[in-house]
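Colleague: Sequence and computational prediction follow.
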Amino acid sequence: MKCCGTSNKLHIKECEFLNGVDENEEFLNIIQECKNDEGLIDPDILIKKMENSSNEHIKHNVDAVRKKLKNLLP
């Protein structure tokens, strides 16, 4: 399922730094799932997917990722 929301989108390149969550395969997979055909992701959907992850490490990093996204978005 591709995440193509209508709110602000980030180019995936801008999001690659977020793998500071760890070189976490599952997190990178979430980002890949959320890319649309233009390589854009919807940050709101990314956060929701993280919150719903079964991986505790990913859930634990939701707030940190949310703060980083706020710094990137206008």
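Modeller: Right, received. Where do you want to start?
Colleague: Check what pLDDT residue 52 gets.
Modeller: Note on residue 52: pLDDT of 94.
Colleague: who touches the nearest residue to residue 49 once chain neighbours are set aside in this structure?
Modeller: Nearest residue to residue 49, sequence neighbours excluded (Cβ to Cβ, 6 or more residues apart in numbering): residue 30, at 4.9 Å. C-beta here means a position set from N, CA and C on the backbone, and glycine is covered the same way. By Cβ atoms under 8 Å, 6 or more residues apart in numbering, the contact list for residue 30 reads 46, 49, 50, 53, 58.
Colleague: My reading is that the second one is in a strand; is that accurate?
Modeller: Just to be clear, that refers to residue 49. No. Assessed with DSSP: H, G, I helix; E, B strand; the rest coil, residue 49 is helix; it does not lie in a strand.
Colleague: which stretches of the protein form helices?
Modeller: Ranges of helices within the chain are 12-15, 25-34, 43-51, 56-60, 62-72, based on DSSP state H.
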